[in-house]
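Chemist: Next one to model:
(one chain, ligands or ions: 2)
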Amino acid sequence: MRISIINYLACPVCRGDFLLSTHEKTKERVIGGKLKCKKCSKSFYIENGIACFVCLDRKITEDTKKLRRITIKQEIPKTWTKLFSKEEYTALRKEWDWMLSVVEKNKNAVHLDFATGTGRFLRNIVSKTNGEIIALDFSYSTCQELIYFLKKIKKYRRVSVICADAHKMPFKNGVFNSVSSWAGLAEPRMEGVIKEARRVLKRMAYLTASGLHYQKDSRSFLLAKKNYINFVTKKAIIQTLKKANFRNIEHKVFFRGKWNEKESYLPILGDSYSTFAIRAQK
Ligand SMILES: C[S@@+](CC[C@H](N)C(=O)[O-])C[C@H]1O[C@@H](n2cnc3c(N)ncnc32)[C@H](O)[C@@H]1O
Ligand SMILES: [Zn+2]
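Modeler: Ligands and ions are numbered 1, 2, ... in the order given. Now for the predicted structure:
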């Protein structure tokens, strides 16, 4: 992580400040070290440049090898975009532009992207702001992969990667100028995350996020529900944002169509789906 982000971090258990000790660093980054909470004394580790707030997965090496092949094969030539029709790709560019409108250009701005994955959306943020960027994902191997990938495409300089659960973000209240998550709302149990996102935003600042809606009672709809993916309807996401006290809530559908990829988990082949994004203000 970049040393400069220490002022935004807080203990996910008690929100106390951290004492940072390092055993490996560069001028701008901590590569290896420890974050010890000044209040409850709990310690968290920084390894391979990643500040880690979740228990490490035993299968890291195995997972990473598998992921590396996928990332390089898919993300460098952007293979996945080739599966899109022209119409779908145009809709995606519109969706990204709309979401990127919350990102401020100035170098004092701080942006958080959660459920970053291998950063398809993040690479757009890097080009949009001169400020600090924090990427958060709860899979350690995905975080490692993200760093490898960002270095490869020369977009790592202003990014810090944090391994944490978005339900318990290791940040102080009110530190971010904007928060985003592309396709993050299509993950299970994200209702609690909406509240967390609001907590870490500055006053009047914006959250933007996206996901998929499914036709009511379709196979995809029922499978998503069974797996606690709740934002399958417009009503569900709007109600959740309202309940979390967001205002100026905007919801926009960018693409409607039938899913035509075999062997995908969600949506299921042949089902109607739509892509949506939201913007909402604290
Ligand atoms: C479909 S990807 C999102 C796509 C990604 N935003 C992009 O731009 O390429 C979903 C990611 O969310 C992460 N994730 C799911 N639930 C999470 C949670 N509660 N906290 C943090 N990350 C989470 C997964 O590890 C996965 O990498
Ligand atoms: Zn603490």
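
Chemist: how about the residue nearest the centre of the chain, what does it touch?
Modeler: The chain has Phe114 as the residue nearest its centroid, 2.2 Å off, counting by C-alpha atoms, centre = their mean. Counting by C-beta atoms under 8 Å, 6 or more residues apart in numbering, Phe114 touches Ala135, Leu136, Asp137, Ala166, Met169, Val179, Ser180, Ser181, Gly184, Val193, Ala197. Using the backbone N, CA and C atoms, a C-beta is placed for each residue, glycine as well.

Chemist: residues in contact with Trp259?
Modeler: Contacts of Trp259 by C-beta under 8 Å, 6+ apart are Ser220, Pro267, Ile268, Leu269, Gly270, Asp271, Ser272, Tyr273.

Chemist: repeat that for 7 Å
Modeler: When contacts are counted by C-beta atoms under 7 Å, 6 or more residues apart in numbering, Trp259 touches Pro267, Ile268, Leu269, Gly270, Asp271, Tyr273.

Chemist: Excluding chain neighbours, what is closest to Gln74?
Modeler: In space, and not counting its chain neighbours, Gln74 is closest to Trp80: 5.5 Å by C-beta to C-beta, 6 or more residues apart in numbering.

Chemist: Could you do Leu150 as well?
Modeler: Tyr156 (3.9 Å).

Chemist: That neighbour contacts Ile147, doesn't it?
Modeler: Yes - at 6.5 Å, Tyr156 counts as touching Ile147 under the criterion of C-beta atoms under 7 Å.

Chemist: Just give me the neighbour total for Tyr265.
Modeler: Using other C-beta atoms under 10 Å, the number of residues around Tyr265 comes to 9.

Chemist: Apologies, that question was intended for Lys27.
Modeler: Neighbours of Lys27 (other C-beta under 10 Å): 5.

Chemist: do Asn260 as well
Modeler: 12.

Chemist: Next: the one 4 residues further on.
Modeler: Burial of Ser264, expressed as a neighbour count using other C-beta under 10 Å, amounts to 13.

Chemist: Would you state the strands of the chain in chain order?
Modeler: Per DSSP state E, the chain carries strands over the ranges 18-25, 30-37, 43-47, 50-52, 110-114, 132-137, 159-163, 176-181, 201-214, 247-258, 272-281.

Chemist: Show me the contact partners of the first one.
Modeler: When you say that, I think you mean strand 18-25. For strand 18-25, using C-beta under 7 Å, 6+ apart, the contacting residues are Ile6, Leu9, Cys11, Val30, Ile31, Gly32, Gly33, Lys34, Leu35, Lys36, Cys37, Lys38.

Chemist: Compute the inter-axis angle for it and strand 43-47.
Modeler: 30 degrees (axes from the mean of the first three to the mean of the last three C-alpha atoms, to 10 degrees).

Chemist: that older thread, distance check, the residue nearest to Leu150 against Ile31.
Modeler: Tyr156 is 13 Å from Ile31, where distance means C-beta to C-beta, to the nearest Å.

Chemist: Give me the more crowded residue out of those two.
Modeler: Tyr156 (19 against 15).

Chemist: Now do that one, the pLDDT please.
Modeler: Tyr156 is assigned 96 on the pLDDT scale.

Chemist: What of Ile147?
Modeler: pLDDT for Ile147: 92.

Chemist: residue contacts, the residue nearest to it when sequence neighbours are not counted?
Modeler: Nearest non-adjacent residue to Ile147, counting by C-beta to C-beta, 6+ apart: Val161, 5.5 Å away. When the contact criterion is C-beta under 7 Å, 6+ apart, the partners of Val161 are Gly49, Ile50, Ala135, Cys143, Leu146, Ile147.

Chemist: which of these count as buried?
Modeler: Gly49, Ile50, Ala135, Cys143, Leu146, Ile147 (16 or more other C-beta atoms under 10 Å).

Chemist: Contact partners for the last one?
Modeler: With contacts defined as C-beta under 7 Å, 6+ apart, Ile147 is in contact with Gly49, Tyr156, Val161.
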